[in-house]
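# here is a sequence together with a model predicted from it:
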Amino acid sequence: MKVRLSEVFTSVEGEGTLCGTKTLFVRMAGCPFECFYCDTPDSLPLDSGTEYEVGEACGLIGRSLQPNTYKVNFTGGDPLAQHEALAEMARFVRSTGVPTYIESSCYDSGRFAAVAPLMDFVKIELKTIDSGFVRPESHGRLVQSALECLAESVRLGKTTYVKIVVSARTAPAGFGELAEGVFRTAPAAAVSGFVIQPTHGVAEPPLDLLLRLYDLVRPLYPEVRIVPQLHKMIGAP
């Protein structure tokens, strides 16, 4: 089995509930979407990056692990684009004793179910219809897939949190529907965090919009947070 990786590097986790932790990032190539705010466009083509045998990729990960690494973050692209190779690399990482973490738009619940048992931390990313990642007629189906992944992650007892990237284009009504869908799918007590992440450098949302979106979530989940991308603020990769 082969896998294409864009890069493997250690940095500070800049997003979500584990923001600030020392993390080894395994950026996998390939993503079926092109959100207008994507900050890793070079990793979107499935033929981008460097091709490795999966055993070679595991060796690279092992050599790259530094002391006191909190977790290994499988990111992309979208790691579900190469889910079989992802499973093999996750098994290897778990054998080292370092926790595994996946961040994905969860566009394929079948692929997600194949890798979720091998993950310790799961970030479910729901995308608003105005993110531009799919045609409007396909948006509902992909949201449903992400919610199915959320239900599976919670069923498995994984540390699960939800992230929604928002921009100046984000319509509160559509955002609110996504938030309501999350908590129809999973009880609030089973969700480890709900992060509203503003875009950086493109269509940045104004404060009044961020607060309005926050107010839509808080009655459903009191611990909602607005969390910008820390790594961009400190100049980390």
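Alright, I've got the coordinates. Numbering: from 1, shown residues only.
# can I assume C31 is in contact with Q82?
No: with contact defined as Cβ atoms under 8 Å, C31 does not count as touching Q82 (10.4 Å). The C-beta positions use only the backbone N, C-alpha and C, and glycine is treated the same way.
# the closest residue to L60 other than its chain neighbours: what secondary structure?
Spatial nearest neighbour of L60, excluding adjacent residues (Cβ to Cβ, 6 or more residues apart in numbering): V8 at 5.7 Å. Following DSSP: H, G, I helix; E, B strand; the rest coil, we place V8 in the strand state.
# longest helix in this protein, by number of residues?
Longest helix in the chain, counting residues (DSSP state H): helix 136-155.
# what about V166, neighbour count?
24 (other Cβ atoms under 10 Å).
# one more: Q197?
For Q197, using other Cβ under 10 Å, the count is 21.
# same thing with P228?
Neighbours around P228, by other Cβ under 10 Å: 17.
# how much space separates A87 from D78?
Separation of A87 from D78 (Cβ to Cβ, to the nearest Å): 15 Å.
# between these two, point out the one with more neighbours.
Taking neighbours as other Cβ under 10 Å, A87 and D78 compare with D78 leading, 26 against 20.
# nearest spatial neighbour of that one, skipping sequence neighbours?
In space, D78 is closest to C31, 4.3 Å off (Cβ to Cβ, 6+ apart).
# now the most centrally placed residue in the chain. Nearest residue, chain neighbours left out?
When Cα atoms, centre = their mean is applied to the chain, the residue found nearest the centroid is E103 (2.5 Å). In this structure, E103 finds its nearest non-sequential neighbour in K123, 4.2 Å apart by Cβ to Cβ, 6+ apart.
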